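In: I need the structure of the sequence given here:
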Amino acid sequence: MSKKSIVWGTCWLNEGREVLCSFMKSAIDILTKIGLEVHIIIFDAKYKRDEKEIEKVEEDIECIIIRNMCEIFPNKNYGVAIISKIAYRLGTDYIAVVDSDWKVQDFGFFINSFLRPILIEDQDIVIPDISSAAGRCNLLIGRPMLNMFYPEYADKVPTAFPGAFFGVTAKICEITLKDTYHFDWGGEWDIVANSCNMGLKIASPILGMHNTRHRSNHSKMYDSFQIWRACIENITEERFELSKKYQENMIPDDSFAEIMVSTKASASKQIEKLIDLSKNTKLSKTQLQLAYMVLLPLAGIIDGAYGYENSLSLETDISQPYDRTELYHIALIVPHCVKTAIECSGKSFGMIQKNAAHCYGERWSKWTQLAQSKVMELADNQIQGKVL
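Out: Next comes the predicted model:
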């Protein structure tokens, strides 16, 4: 019986070379012991990185490095598309994409737990459970999206955005090599949503990964715009209608939740309510996440309304931009806010989805299908020179 093969890929942006190489060496060691044929693929996400840094990585580990040839960011999912394309060209059985700066307590446990659902249990894709480290995107976007639009998968995927996945190459490529795959942060949701749409068997093991990074509210807010757009573009009308039937059964018993739940209005009007509240009382930085991560992007997509962030204080503290306990409370009112925003807009599913397809610019990123096609052509030239 021939060896099973795997592409183990990562997108290298700001991690130090030593961190990258150490992570990859640990992975190679364990994957080889498992008996897999291993191909290390690194997407160099930085634009015009020092050539000497790249040469040192190539000297340190046997790998294929594909350079980023354009200045459109974020671009992690451009890297995922490239890594997927190489896996397809190589004909590997499996593909994994993992952030190399994750803090892993036990590498053997991490990789064995990551691979087991597919190698032993015949699953199609692994989307790890990082609930212990879940932050704004997972709690305020991922969980509500799954609960409202994909309820049958809500218990199977605790965290939609873990920063890693492992899957059967043929299945993954059906998602990541489509023209509709988003190269911005929306691509993270594309993987989850299309796995659900395709009826894939999804496993979500706990891997012992830890990530304590925080980014500014401004940066995370742009993530939310791109993810919500991908959500609207991916759902069918049938799933869109499911959201209207979603029953909120755990609304927090506090004054902020009471005010927001009693506000039956469009996304833009809900933001105006928050602005009014902020004039009379200081909203906590966690309460403001409801605007940054949910209402601002929905106001843009559904209502075509922008600029409200100028009236809301964008906290600059990245050491602790929210209180985790309070964030769980805020997450419980998100479905109500989303349902109300849709119902009070007076717009049909088709109109909202059409709006989403036309969102472009700074908040939404400058990726278009034309831009994505062009950069993949540039990547193809590199791939052809490195993959036989």
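
In: Tell me which stretches of the stretch 101-250 of the chain form helices.
Out: Applying DSSP state H, counting those that start in this stretch to the stretch 101-250 of the chain gives helices spanning 107-119, 136-137, 143-149, 169-176, 186-197, 217-234, 237-245.

In: since we're on the spatially closest residue to residue 235 that is not a sequence neighbour, how many residues are nearby?
Out: Of all residues not flanking residue 235 in the chain, residue 149 sits nearest, at 5.3 Å (C-beta to C-beta, 6 or more residues apart in numbering). For glycine as for every other residue, the C-beta is placed from the backbone atoms N, C-alpha and C. A total of 24 residues lie near residue 149 under the criterion other C-beta atoms under 10 Å.

In: so residue 149 touches residue 237, yeah?
Out: No - the criterion here is C-beta atoms under 8 Å, and residue 149 misses it with residue 237 at 11.3 Å.

In: out of the helices of the stretch 101-250 of the chain, nearest to residue 87?
Out: helix 169-176 (4.8 Å; C-beta to C-beta).

In: now that closest one against helix 186-197, angle please.
Out: Here helix 169-176 runs at an angle of 120 degrees relative to helix 186-197 (axes from the mean of the first three to the mean of the last three C-alpha atoms, to 10 degrees).

In: Next secondary structure after the top strand by length along the chain?
Out: Criterion DSSP state E: the longest strand present in the chain is strand 37-47. Once strand 37-47 ends, the next helix or strand along the chain (criterion: DSSP states H and E) is helix 51-60.

In: Output the lowest mean pLDDT helix or strand found in the chain.
Out: Using mean pLDDT, DSSP states H and E, strand 209-210 stands out as the lowest-scoring helix or strand of the chain, at a mean of 70.

In: Contact partners for the residue nearest to residue 242 when sequence neighbours are not counted?
Out: Distances taken as C-beta to C-beta, 6+ apart place residue 149 nearest to residue 242, at 6.2 Å, with adjacent residues excluded. Contacts for residue 149 (C-beta atoms under 8 Å, 6 or more residues apart in numbering) come out as 193, 231, 235, 239-240, 242-243.

In: ok, back up a step: give me the pLDDT value at the residue nearest to residue 235.
Out: Looking at residue 149, its pLDDT reads 95.

In: ok, now residue 271?
Out: 96.

In: Now name the helix or strand holding it.
Out: helix 267-280.

In: Figure out how far that helix is from the centre of its chain.
Out: In terms of C-alpha atoms, centre = their mean, to the nearest Å, the gap separating the centre of helix 267-280 from the centre of its chain is 28 Å.

In: now stretch 356-363
Out: Chain-centre distance of stretch 356-363: 17 Å, with C-alpha atoms, centre = their mean.

In: hang on, the earlier thing: from the contact counts, what lies against the longest strand of the chain?
Out: If contacts are counted by 3 or more C-beta pairs under 8 Å, 6 or more residues apart in numbering; DSSP states H and E, strand 37-47 sits against strand 5-12, helix 17-34, strand 64-68, helix 76-90.

In: Can you redo these as JSON lines, where the extra columns are mean neighbour count?
Out: JSON lines is the format used below for the helices and strands packed on strand 37-47 (neighbours: other C-beta atoms under 10 Å):
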{"stretch": "strand 5-12", "mean neighbour count": "25"}
{"stretch": "helix 17-34", "mean neighbour count": "16"}
{"stretch": "strand 64-68", "mean neighbour count": "21"}
{"stretch": "helix 76-90", "mean neighbour count": "24"}
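
In: Mean pLDDT added to those, as a markdown table?
Out: Listed next are those as a markdown table, based on pLDDT from 0 to 100:
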| stretch | mean pLDDT |
| --- | --- |
| strand 5-12 | 98 |
| helix 17-34 | 96 |
| strand 64-68 | 97 |
| helix 76-90 | 98 |
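
In: show me where pLDDT drops low in the stretch 51-200 of the chain?
Out: Low-confidence segments of the stretch 51-200 of the chain, defined by pLDDT under 70, are absent.
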